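**Student:** what's the 3D shape of this:
(2 chains)
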Number of protein chains: 2
Amino acid sequence: MQSNTTSSSINLAKTYAAELLPQNQQNWEGTKRFLEEIVKILLEYINEENRRESKILDFHHPAEMQKLIDLSIPDNPCTLEELLQDCQKVLRLGVRTGHPRFFNQISCGLDLISMAGEWLTATANTNMFTYEIAPVFILMEKEVTKKMAELIGWQDSDAIFAPGGAISNMYAMNAARHARFPRCKPLGQGDLPTLCIFTSEDSHYSIKGAATVMGIGTDNCFNIPTDPSGRMIPEALEERIIQCKKDGMEPFFVCATAGTTVYGAWDPISQIADICDRHKLWLHVDAAWGGGLLLSPEYRHKLYGIERANSVTWNPHKLMGALLQCSACFIKQEGLLFQTNQMSADYLFQQDKPYDVSFDTGDKAMQCGRHNDIFKLWLMWRSKGMTGYRRQINRLMDLAAYFTARIRETEGYELVIDPPEFLNVCFWYIPPSLRNVEKAERNARLEKIAPKIKAKMMERGTTMVGYQPDKQRPNFFRMIISNQAITKEDLDFLIREIIAIGSEL
Amino acid sequence: MQSNTTSSSINLAKTYAAELLPQNQQNWEGTKRFLEEIVKILLEYINEENRRESKILDFHHPAEMQKLIDLSIPDNPCTLEELLQDCQKVLRLGVRTGHPRFFNQISCGLDLISMAGEWLTATANTNMFTYEIAPVFILMEKEVTKKMAELIGWQDSDAIFAPGGAISNMYAMNAARHARFPRCKPLGQGDLPTLCIFTSEDSHYSIKGAATVMGIGTDNCFNIPTDPSGRMIPEALEERIIQCKKDGMEPFFVCATAGTTVYGAWDPISQIADICDRHKLWLHVDAAWGGGLLLSPEYRHKLYGIERANSVTWNPHKLMGALLQCSACFIKQEGLLFQTNQMSADYLFQQDKPYDVSFDTGDKAMQCGRHNDIFKLWLMWRSKGMTGYRRQINRLMDLAAYFTARIRETEGYELVIDPPEFLNVCFWYIPPSLRNVEKAERNARLEKIAPKIKAKMMERGTTMVGYQPDKQRPNFFRMIISNQAITKEDLDFLIREIIAIGSEL
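**Tutor:** Just a heads-up that it's a prediction; the model follows:
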């Protein structure tokens, strides 16, 4: 990217933001020059991030980090040159989450079409509450959620994009409570029986979180046991529901997880739906992570029964690779989101507007202002089409199978769950020094291995993968294969790297 | 921006996203070319948006709009050329919220430094839950919220950026409930007395919204009357609190608004704080809109007493002009956010990490994943410094005074509240045909004037300003002067334009 001569003549080291647009209408050239310099920095970052030999991070402890960058708010403005240096420094000291060997979170990778979409979203800088100020994006949200609802297996339904899966789950739980007890909206919970909800012990903590905010209470959120693969045991669910009723409580909400956070397990939705039918309970499917599999005709059977849900959470910022954040909550009963959340603010949702105000989504939302999370998804989806997504997701599943096979066959590695059912591959690395140790002692010492390897990995900056303990299982690694940039070589690299770090422990 | 010869040779009309990074590591030139083309489109948009003669929008009803752009998700991928055309079309059909004559919302304008910050945020694409993957941004959030807390008048305190003011208000209410009744977290509200909260009838609807989600109920959210300028009447608040106690309810939360949505009124925080002290109630100040005035030594007295609050909502995406979304919730009691929201997910918040895990903010949050909303604010603030913001905000206050004077002196205009106290200037335009009509009839007919003018304004696409009715007042315009691009000429233009449209009605 070269600047033309006019704009090159601007001295960024002596120019301030106040001299650019929009404050100074005359200085388009300076404005353009500054933004082009920003883009140059971003392009360099993207190029570097995609090179495998680049480090993912330069790890610094918080106290050191504070010495490496001046984060203070100054009395006087910084020059444009200083701002550009700030940008470079921030990127240099950050973690390259789009690096092909960053396996640390469920949301990995940097889809550049989605990123371009987010740049445009920033520039358009509008708010999703009314058709009046976001006409195209509102229609886009309608179109895309319709497509997603069809993939779930629904015809007429309702949906809203929300800031992350935790809030989407809260939308669902709140709609469920409203559907059963509409009087809770005016009167509060004081008037209701003791509500209780059910979710697997391996489900995401945001279900408990929503129960807390909503005044239901964590003790009334029952953790249903899972089988050794991490799937909810339906019989245990039904027993618990019956017990709660006997205890005088009011069950109203069951969450089935489609793709659990740690193991990537699939709760048996169809069996759970039968139980919900019998007991007249709201079925929510938290498919924040697993929802993307609906795009693959080869694998969508793993979500068999999802069409029987009353609500679904699905985060395109996970398996589909959209930029953060991009999460949607789907509600089967049309109109319910509106009934649940409507507060009728006159200043926003006037009924005497010149267009069909049913397109104003604001009164369906728990928030007032709502970020535009649709464009980055829409543009990316168009760049791949249905066929491209199918290919991308099937390829990730193939890579997970490859990695699983490599773990199985490589000495010192052990799968936590065999076979893994999704893109989470959980495993231990057992250093030679522990291989012939008796089990109880081995487990006690194994607990410390993953944190040590991870710490060293972060120092080396070559790759990143998460770890955690679970119930009786000592700390293990959770490999996530969701970044479309991953190749078999990257997976081989991780296996070698862990051995290189861990074999002497 | 010119592309170099290598990248120019790529035929965008025959290239697909799958041929770019990160899928195809070899094609950096093509990737760069595509992103540069995107930037070219965005720069053109910014340039055009800032020209006053550009239209703010081309209004189309939803049905027409759907014919003007293909929003469908195709089976097969679109070419890069098609994606670029999509971007152009989306921008062309959208509303230019950064146009200097877009006065329609409280969040107006496009600060280009903040926008550059958001571009970088998209490229860095990380998540705010742990220091592990967002080290710089986590420290930045700490630094900036410390500065903001100091402006509030606090030393040690806690804060979190949240997706919009409504969620920030919910954070505050939830923390308040937890502070008073920690047992609500495990046991839910069933066990508690009937909670009730108080907010002015002119406050934002998200207070009621939070009460609904939290299971408190809208009937237990008491609207305290306001004086003719829109300020809460403290005596009415205290009466209501006493009455609620007599009725066996449990008051626990009072919201004072600093800058109401419609009138920009300032509740008397200090007097309200006295009442909260007497009755031992949590005082929340919703300064989503007015908080920015703390940056002006000349005007910060309007928030006198805010340091006595237990919690504060402050949205930098409003008066400070940060890109959407940027909202923070401040809690005076250190550690309370953590106690309220902590769910201790092992897979994210391991205690055996190699760094000081008190820097992991995830367990303070209601969400799990949290968007990075700090960088766009930090970079913009550094570009202005404290002095620049002071100047910018004082200038907006001067412009509001100018506009108010012009409304007062121009025939046919009438202020709804005189004098306005902030950057909201509410007014009627009374067409000649209504000027000598008896009051009741005039008001009835006036109700229809603003919607008609607004509809015509949107057709012309020259400017946009919001309207609403309020209590006994017929529809009036709410002018908002928050965009730093506004000049006196723009204000004169609005006055002329409304006359041009409305004088024949």
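**Student:** Tell me where the stretch 101-250 of chain A has strands.
**Tutor:** A:102-103, A:158-162, A:195-200, A:221-224, A:250-257 (DSSP state E, counting those that start in this stretch).
**Student:** need the contact list for residue A:339.
**Tutor:** A:178, A:182 (CB atoms under 8 Å, 6 or more residues apart in numbering or on different chains). Using the backbone N, CA and C atoms, a C-beta is placed for each residue, glycine as well.
**Student:** picking that back up, of all the strands of the stretch 101-250 of chain A, which one is nearest chain B?
**Tutor:** Nearest of the strands of the stretch 101-250 of chain A to chain B, taken as CB to the nearest CB: strand A:195-200 at 7.2 Å.
**Student:** And chain B, is the longest helix along chain A touching that?
**Tutor:** For chain A, the helix with the greatest residue count under DSSP state H is helix A:375-409. Yes: using CB under 8 Å from any CB of the partner chain, helix A:375-409 reaches chain B at A:375, A:378-388.
**Student:** rewinding a little: rebuild the strands of the stretch 101-250 of chain A as CSV, extending it with mean pLDDT and mean neighbour count.
**Tutor:** As requested, those are exported to CSV (pLDDT from 0 to 100; neighbours: other CB atoms under 10 Å in any protein chain shown):
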stretch, mean pLDDT, mean neighbour count
strand A:102-103, 98, 26
strand A:158-162, 97, 25
strand A:195-200, 98, 27
strand A:221-224, 98, 22
strand A:250-257, 98, 26
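**Student:** Save these as TSV, and put in distance to chain B too.
**Tutor:** As requested, the strands of the stretch 101-250 of chain A are exported to TSV (distance: least, CB to the nearest CB, whole Å):
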stretch	distance to chain B
strand A:102-103	9
strand A:158-162	8
strand A:195-200	7
strand A:221-224	9
strand A:250-257	10
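**Student:** Using JSON lines, lay out the ones you listed together with distance to residue A:19.
**Tutor:** Shown next, in JSON lines, are these (distance: least, CB to CB, whole Å):
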{"stretch": "strand A:102-103", "distance to residue A:19": "39"}
{"stretch": "strand A:158-162", "distance to residue A:19": "37"}
{"stretch": "strand A:195-200", "distance to residue A:19": "55"}
{"stretch": "strand A:221-224", "distance to residue A:19": "56"}
{"stretch": "strand A:250-257", "distance to residue A:19": "53"}
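**Student:** Quick one, which of those strands gets closest to residue B:99.
**Tutor:** Closest to residue B:99 of these, according to CB to CB: strand A:158-162, at 25.4 Å.
**Student:** and the angle for the longest helix of chain A with strand A:158-162?
**Tutor:** 80 degrees (axes from the mean of the first three to the mean of the last three CA atoms, to 10 degrees).
**Student:** for the record, mean pLDDT for helix A:375-409?
**Tutor:** Helix A:375-409 shows a mean pLDDT of 98.
**Student:** Report the mean per-residue pLDDT for stretch A:318-334.
**Tutor:** Mean predicted confidence for stretch A:318-334 is 97.
**Student:** how much space between the residue lying closest to residue A:238 once chain neighbours are set aside and residue A:438?
**Tutor:** Leaving aside its sequence neighbours, residue A:238 sits nearest to residue A:275 (CB to CB, 6 or more residues apart in numbering or on different chains; 4.9 Å). Note on residue A:275: its distance to residue A:438, by CB to CB, to the nearest Å, is 42 Å.
**Student:** Compare neighbour counts for those two and give me the winner.
**Tutor:** residue A:275 (18 against 7; other CB atoms under 10 Å in any protein chain shown).
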